[in-house]
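[1] quick one, fold the following:
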Amino acid sequence: MQGYLRQAKLFGDWRRVWSQHVWWTREVIQSIIAGLPGTQNSVNKLLQNPYEMGAIWAEYWSDASVKRMEALFTTHLKMGGDIVTAAKAGNTQQVTELTRQWYQNADDIARALSQINPHYDMAEVQRMMYEHLRLTGLEANYILGGQFDNGIATFDQIQAEAEDMADYFAKGLVAQFPDKFR
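    Numbering: from 1, shown residues only. From the prediction side, this is the model:
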């Protein structure tokens, strides 16, 4: 495959994976809050997302690096579900502690990515992850409070931010492995 086609595929793959990440996160948030019977099915689908990310990274990075990122993103997703569950139960102390841990996980993701790929700036990845968490938390609060129009508007912001993250991740791989894209 020619370099420009490989690059276009990489950008498309990252946009698909991040789009799935935020879409299934929204599905899980709504399912937990509504107490839907298919909640675990949605959770299971969402938890496939880190392995979809890993499949992209596996073309470039070592197995150990890929497994590290899969584990960090799996933790990211599980923590998000735990926060929504605690918020639904009205356990503000648990929400506060889990949210603190969620941001620590974002720091861990930013650190790990910047160690694996010098084109992933730790501060920039951290900024993007923090914005992702902030918007996701805001969306969950709107849904929990029955402010569905606000939740939808926030999801539009989440989707746009996810596309930016996808492009950033793709650009970083192109910069790290330019020979693969010639």
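
[2] where does the prediction get shaky in the chain?
    1 (pLDDT under 70).

[3] ok, the residue nearest the centre of the chain to residue 129 distance?
    By CA atoms, centre = their mean, the chain has its centre lying nearest to residue 21, at 5.5 Å. Remark: distance between residue 21 and residue 129 (CB to CB, to the nearest Å) = 12 Å. Any C-beta I mention is one placed from the backbone N, CA and C, and that applies to glycine too.

[4] what about residue 17, neighbour count?
    If you count neighbours by other CB atoms under 10 Å, residue 17 ends up with 21.

[5] and it, what does it touch?
    49, 52-53, 56, 166 (CB atoms under 8 Å, 6 or more residues apart in numbering).

[6] just the buried ones from these, in ChimeraX syntax?
    Typed into ChimeraX, the line below selects the buried ones among those, using 16 or more other CB atoms under 10 Å:
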select :49,52,53,56,166
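
[7] the contacts of residue 17 in helices, which ones?
    49, 52-53, 56, 166 (DSSP state H).

[8] ok, so of those residues, who is nearest residue 74?
    residue 49 (8.6 Å; CB to CB).

[9] what's the spacing between the residue nearest to that closest one when sequence neighbours are not counted and residue 96?
    In space, and not counting its chain neighbours, residue 49 is closest to residue 21: 5.0 Å by CB to CB, 6 or more residues apart in numbering. To residue 96, residue 21 is 24 Å away according to CB to CB.

[10] no further queries at this time; thank you.
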